[in-house]
Every structure is written in C-alpha cells, then in structure tokens.
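Undergrad: Provided below for reference: sequence and predicted model.
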Amino acid sequence: MIPKQLRALGAGAALILGGILTLNLVSTATIGALRIATEAKRRKISVPCRACRGKGYSICKLCQGNSTIEWSPLYDPVAINPCLCPTCDGNGVQRCLNCLGKGYD
C-alpha cells in the first residue's frame, strides 16, 4: 500500500504538471492563431515584392533556370561535367531572397 502522504504528494504533482501542460498547449494554440491573423492582415495591406513581383520565387541565379551547372574539378578545362545545381536542387527556381518566399515586402 502507498502511504497517504505519498499519495497526496503524487496527486499534487500530477495536478501541477497537468496544469503546466494545459497552459503550454493553450499558449501554443493562441500564438499560432495570432501569427496567422497578423500574417493575413500584413499580406492584405502590403505591396507585392519588387524582386519577384509577388510570386515568392525567381529564376535561379546560379544555373539561370537550366537546373544544371558545368563543373570541373581543379579547374581542368578538358573535364567539364554537368551536375545538379546546388542552389535550386535542380528545380530551376529558388525562393525569393528579398521577401523570403512570402510574395510581399
């Protein structure tokens, strides 16, 4: 059998930890909802990004949209190998560096 004092201590600890967990979940949900609301308001009243014209992405600057670059080890002009672009991962487009992909300033 568990003594009464230990049982009361366990019940109190469970109550406190449950309260902390509940506060954590409620505050996380509230902060998420506030973030979504402010982002929607900011998007509504802001001007589109000038660099990407509001799309959120632009043509890759390294491969110029070809998705491959020519690479040669040790600057050997004879052995030039095409390889996948490390900036856009072969997509040909990259996230806008001005607006970070949001589409507005």
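TA: Everything's here; your move. Residues are numbered from 1 along each chain as shown.
Undergrad: can you give me the end-to-end distance of stretch 71-86?
TA: Distance across stretch 71-86, first residue to last, is 11 Å (CA to CA, to the nearest Å).
Undergrad: now find how far off-centre that stretch is within its chain.
TA: 32 Å (CA atoms, centre = their mean, to the nearest Å).
Undergrad: pLDDT averaged over it - what is it?
TA: Mean pLDDT, stretch 71-86: 78.
Undergrad: and the contacts of that stretch?
TA: The contact list for stretch 71-86, computed with CB atoms under 8 Å, 6 or more residues apart in numbering, reads 60, 62-63, 66-70, 90, 92. All C-beta spots, glycine's among them, are computed from the backbone N, C-alpha and C.
Undergrad: list the buried residues in that stretch.
TA: For stretch 71-86, a neighbour-count test (16 or more other CB atoms under 10 Å) marks residue 85 as buried.
Undergrad: quick one: which of the contacts of stretch 71-86 has the most company?
TA: Within those, residue 63 tops the neighbour count with 22 neighbours, counted by other CB atoms under 10 Å.
Undergrad: residues contacting it?
TA: 69, 85, 87-88, 92.
Undergrad: check which helix or strand covers it.
TA: Residue 63 is part of no helix or strand when elements are defined by DSSP states H and E.
Undergrad: got phi/psi on it?
TA: With angles defined as degrees, to the nearest 10, residue 63 sits at phi -100, psi 0.
Undergrad: okay, it and residue 95: tell me how far apart.
TA: Computed as CB to CB, to the nearest Å, the residue 63 to residue 95 distance reads 15 Å.
Undergrad: likewise for residue 7?
TA: Distance from residue 7 to residue 95, counting by CB to CB: 56 Å.
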